[in-house]
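Engineer: Generate a structure from the sequence data that follows.
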Amino acid sequence: QLQFVESGGGLVQPGGSLRLSCIVSGFTVDYYAIGWFRQAPGLEREGVVCIASNGGTYYYVDSMKGRFRISRDIAKNMVYLQMDNLKPEDTAVYYCAARGGILKGLCGESMDDYRGPGTQVTVSS
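Structural biologist: The predicted model follows:
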């Protein structure tokens, strides 16, 4: 069973940075495509960035390319999200997610088969 546990969230001022971590268990981190998603109160879930099983990255929104970066450590079985120049509108619960089946190694919108509980990121002065 693929499982995720996220950490690293918190309160940060606008313009600040945070690095989120996602501990992956049940499978090696490069067996699945793993995406970072976020959800703010009252809003729909939004994809941030995904890393495919082959290491390729996919940004769900182009505007995030310069501020968010995904990486993984295969030895530690962890996935990270580096977030820079944070803005108040980045406030949300951030979580890792993946999907099963034949598309498990590819990034996509429908990655809801597995997800972690998330970590809260609040950007405020």
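Engineer: Can you list the buried residues in stretch 90-102?
Structural biologist: By neighbour count with 16 or more other Cβ atoms under 10 Å, stretch 90-102 contains the buried residues 90, 91, 92, 93, 94, 95, 96, 97, 98, 99. From N, CA and C alone the C-beta is placed, and that goes for glycine too.
Engineer: Pull the residues that contact it.
Structural biologist: Residues from elsewhere that reach stretch 90-102 (Cβ atoms under 8 Å, 6 or more residues apart in numbering): 2, 4, 6, 9, 20, 22, 24, 32-40, 43, 46, 48, 79, 81, 83, 104, 108, 110-124.
Engineer: among these, which are in strands?
Structural biologist: The strands, defined by DSSP state E, take in 4, 6, 20, 22, 24, 34-39, 46, 48, 79, 81, 83, 114-115, 119-123 from the contacts of stretch 90-102.
Engineer: Throw together a ChimeraX command that grabs the buried residues out of those residues.
Structural biologist: To isolate the buried members of the ones in strands among the contacts of stretch 90-102 in ChimeraX, using 16+ other Cβ under 10 Å:
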select :4,6,20,22,24,34,35,36,37,38,48,79,81,83,114,115,119,121,123
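Engineer: Appreciated, that's everything.
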